[in-house]
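Asks: give me a model of this one.
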Amino acid sequence: MITSRSIVKLTSKSLNQGLHFQKCQAHVGWIGLGFMGTPMANHLINKCNSLVVYDINSAAVEQFKAKECDRVFTMVPADPYVIEVFSGSNGLLTKAKKGTILMDCSTVHPNTSKKLLQLSNDAGVDFLDTPVAGAVPAANAGTLTFMCGGKAHLVKKVESLLLCMGRRVIHCGDTGAGSAAKICNNMMLAISMIGTSETLALAQGLGIDLKMMTEILNISSGRTWCSDTYNPVPGIMENVPSARDYKPGFKVELIAKDLGISQSCASLTDAPTPMGALALSIYKAMTNNGHGERYFSYAYQFLLKKVAGGVRKS
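Replies: Numbers count the residues shown, from 1 in each chain. Below you'll find the predicted structure:
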């Protein structure tokens, strides 16, 4: 995550590139400038929104509150962080003004979103869960999909802001529905990445050229986002994590966190998710073997290696 000191440099750099802070109807705040948050915030700046940005530490939030933003986005790594940002001793809700709409783009448990709604309502402000789909490429391109949970009229109020960063805004239902859709999507993503990795590992074992195999997959029924956009095999695609030693981006430890949430939701709803449970066990094993900081497509390399108690024996 970028520190509050680095954020000043970020906004200065943006201004030097011709991205100007201008007055608009909404004074927008942003907390959390990671791999997703940074390009999203820059799109807001680029499209003429008055934006105040800070990272998630108490001093930063304290400065942030003083700006009296009436539209605030949070994009932080996990449930405890977003709860602290909202309700900590220096949290957003301590001085949030009436009429403020808080939007959480983080990937969290649907019940956490419901808790944030209650905390926000108790403080006299509005809340939407607004997680995104499309990953870093879509964040950079401004083509994200926003999955929104909460009141329809609030989604309508902020739709123009969301479309500064994305291509589609989908109202999924009541509070928590956006987070629920995001967790379902990420469970599918994790399963798909493991499936793509297994397929290409098998092809390699059978002596098939992996570029050719990828081409076949991408014109066939086996095509996935993992095969055609973020292929896990080094040398198949340029400008993807597998071409950069699986760094930086969506970490193994984060997809494991999301899979943990998916399995909690499955338990609460009696939904059968055996593949989701298996994916969680694989990504947990990757984390336990020291690969938590790598991009989650490292599953391909992990499946090729002999790991004590691991998944596949070479």
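
Asks: in what element of secondary structure is Val108 found?
Replies: Secondary structure from DSSP states H and E places Val108 outside every helix and strand.

Asks: likewise for the one 4 residues further on?
Replies: Per DSSP H and E: Thr112 is located in helix 110-122.

Asks: what mean pLDDT does that helix have?
Replies: The average pLDDT within helix 110-122 is 97.

Asks: so what touches it?
Replies: 79, 82-83, 86-87, 93, 96, 102, 104, 126-127, 129, 149-150, 175-180, 183, 265 (CB atoms under 8 Å, 6 or more residues apart in numbering). In short, each C-beta sits where N, CA and C put it, glycine included.

Asks: go through the protein and flag its longest helix.
Replies: When the chain is parsed with DSSP state H, its longest helix is helix 177-205.

Asks: which strands or helices does the helix or strand following that one pack on?
Replies: Following helix 177-205 in sequence order, the next helix or strand is helix 210-218 (DSSP H and E). Under the contact criterion of 3 or more CB pairs under 8 Å, 6 or more residues apart in numbering; DSSP states H and E, helix 210-218 touches helix 177-205, helix 225-228.

Asks: picking that back up, pLDDT (mean, whole number) over whichever helix or strand comes after the helix holding Thr112?
Replies: Counting by DSSP H and E, the next helix or strand C-terminal to helix 110-122 is strand 126-129. Regarding strand 126-129, the rounded mean pLDDT is 98.

Asks: next SSE downstream of strand 126-129?
Replies: Criterion used, DSSP H and E; the element after strand 126-129 is strand 132-133.

Asks: given that next one, what are its sheet partners and their directions?
Replies: strand 144-149 (antiparallel) (DSSP bridges).

Asks: now the partner strand: how far from the chain's centre is it?
Replies: 11 Å (CA atoms, centre = their mean, to the nearest Å).

Asks: hmm, who's touching that strand?
Replies: So strand 144-149 is in contact with 40, 105, 110, 113, 128-134, 138, 155, 162, 165-182, 185, going by CB under 8 Å, 6+ apart.

Asks: try stretch 241-248
Replies: So stretch 241-248 is contacted by 35, 230-237, 249, 293-295, 297-298, 300-301 (CB under 8 Å, 6+ apart).

Asks: whichever strand or helix holds Ile282 to helix 177-205, inter-axis angle?
Replies: Remark: Ile282 resides in helix 274-286, with elements defined by DSSP H and E. With axes from the mean of the first three to the mean of the last three CA atoms, to 10 degrees as the basis, helix 274-286 and helix 177-205 are set at 70 degrees to each other.

Asks: list the buried ones in the helix or strand just after helix 274-286?
Replies: Note on helix 274-286: by DSSP H and E, the next helix or strand toward the C-terminus is helix 299-304. By neighbour count on 16 or more other CB atoms under 10 Å, the buried set for helix 299-304 is Ala299, Tyr300, Gln301, Phe302, Leu303, Leu304.

Asks: repeat for stretch 72-88
Replies: Buried-residue list, stretch 72-88, by 16+ other CB under 10 Å: 72-79, 81-87.

Asks: in strands only, show me those residues.
Replies: Per DSSP state E, strands hold the following members of these: Val72, Phe73, Thr74.

Asks: can I get these in JSON lines including distance to Ile261 and pLDDT?
Replies: Shown next, in JSON lines, are these (distance: CB to CB, whole Å; pLDDT from 0 to 100):
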{"residue": "Val72", "distance to Ile261": "23", "pLDDT": "92"}
{"residue": "Phe73", "distance to Ile261": "20", "pLDDT": "94"}
{"residue": "Thr74", "distance to Ile261": "17", "pLDDT": "94"}
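
Asks: out of those, which is nearest to Gly29?
Replies: Val72 (4.2 Å; CB to CB).

Asks: thought that closest one was touching Gly29?
Replies: Yes: taking CB atoms under 8 Å as the definition, Val72 is a contact partner of Gly29 at 4.2 Å.

Asks: kindly write the ChimeraX command that selects the buried subset of the contacts of strand 144-149.
Replies: A single ChimeraX command selects the buried members of the contacts of strand 144-149 (16+ other CB under 10 Å):
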select :40,105,110,113,128,129,130,131,132,133,134,138,155,162,165,166,169,171,172,174,175,176,177,178,179,180,181,182,185
